[in-house]
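1. when you get a sec, could you give me coordinates for this:
(one chain, ligands or ions: 3)
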Amino acid sequence: MQSPAPELTNPSVTDQINAILPQTQCGQCSYKGCKPYAEAIASGQADINQCPPGGDEGILALANLLGLAPKPLNPAFGEHKPDQVAFIVEEDCIGCVKCIAACPVDAIIGAAKLMHTVIAAECTGCELCLAPCPVDCIVLQPVSLMPSPEQKSERKRLSMRRYEARLQRKENEAIEKAERLKKQKAALLQKQIINHSV
Ligand code: SF4
Ligand code: SF4
Ligand code: SF4
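-> Numbers count the residues shown, from 1 in each chain. Ligands and ions are numbered 1, 2, ... in the order given. The predicted structure is shown next:
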């Protein structure tokens, strides 16, 4: 029987670091998500104490993984807060869709000019939807029931999948847009050539 590829049996250091990170995808570490921060730690470009949602527990786990001494969270990146979830005051929502564009894990549903709602089970509490809302109708509430360690791990996996799916979708959209523009330019050029030749 053929052996599985090494990368399937031995997760890379980046993947091991990423598995420790909380998957809040908030960007407070100064990277665009947990995976880019994991890559920066793995390549020695970032320190292990830049993730406020992970707090001291996360720093300790990273230090143990990498054989480093733990250190306090760097306050320049923010402070550790209890788990929270976003809630939209629906009667105030004007349906501008700005929060949907900001959410890194697609946890908000709604359409233009219609009220929006946060899917609480998918919200990481990252706060990225607050600033873009023009009517300040998004509030953060503490998580009422503390998840078990198993539920926490499952939520991290879900967040990782949703974040990656969103990145893939945005990449596909960018490729489609570039192809559309290319076709439009080619059609325009063709038209100019025809007009010039008559
Ligand atoms: S949870 Fe936020 S601060 Fe922590 S690694 Fe992920 S994106 Fe960075
Ligand atoms: S709904 Fe808001 S707080 Fe929740 S994950 Fe999306 S952007 Fe972050
Ligand atoms: S940004 Fe605010 S007003 Fe706009 S759709 Fe989202 S919740 Fe509604």
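2. now stretch 109-118: buried residues?
-> Using 16 or more other CB atoms under 10 Å as the test for burial, stretch 109-118 gives Gly110, His116, Val118. All C-beta atoms are positioned from the backbone trio N, CA, C, and that covers glycine.
3. any idea what the last one is bridged to?
-> Okay, so that is Val118. Beta-bridge pairing for Val118 (DSSP bridges): Ile108.
4. so what's it up against?
-> Val118 makes contact with Val85, Ala86, Phe87, Ile88, Ala107, Ile108, Cys129, Ile138, according to CB atoms under 8 Å, 6 or more residues apart in numbering.
5. what subset of the residues you listed is buried?
-> Val85, Ala86, Ile88, Ala107, Ile108, Cys129, Ile138.
6. show the pLDDT at the fourth one.
-> According to the prediction, Ala107 has pLDDT 97.
7. sorry, back to before: now the buried ones among the contacts of Val118 in JSON lines, with distance to Ala63 and secondary structure?
-> JSON lines is the format used below for the buried ones among the contacts of Val118 (distance: CB to CB, whole Å; DSSP: H, G, I helix; E, B strand; the rest coil):
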{"residue": "Val85", "distance to Ala63": "29", "secondary structure": "strand"}
{"residue": "Ala86", "distance to Ala63": "31", "secondary structure": "strand"}
{"residue": "Ile88", "distance to Ala63": "38", "secondary structure": "strand"}
{"residue": "Ala107", "distance to Ala63": "31", "secondary structure": "coil"}
{"residue": "Ile108", "distance to Ala63": "35", "secondary structure": "strand"}
{"residue": "Cys129", "distance to Ala63": "32", "secondary structure": "coil"}
{"residue": "Ile138", "distance to Ala63": "35", "secondary structure": "strand"}
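8. reformat the residues you listed as CSV; add distance to Gly95.
-> Output for the buried ones among the contacts of Val118, formatted as CSV (distance: CB to CB, whole Å):
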residue, distance to Gly95
Val85, 21
Ala86, 16
Ile88, 11
Ala107, 17
Ile108, 11
Cys129, 14
Ile138, 13
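9. JSON lines for the contacts of Val118, including distance to Tyr37?
-> Converted to JSON lines, the contacts of Val118 look like this (distance: CB to CB, whole Å):
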{"residue": "Val85", "distance to Tyr37": "22"}
{"residue": "Ala86", "distance to Tyr37": "22"}
{"residue": "Phe87", "distance to Tyr37": "27"}
{"residue": "Ile88", "distance to Tyr37": "28"}
{"residue": "Ala107", "distance to Tyr37": "20"}
{"residue": "Ile108", "distance to Tyr37": "23"}
{"residue": "Cys129", "distance to Tyr37": "20"}
{"residue": "Ile138", "distance to Tyr37": "25"}
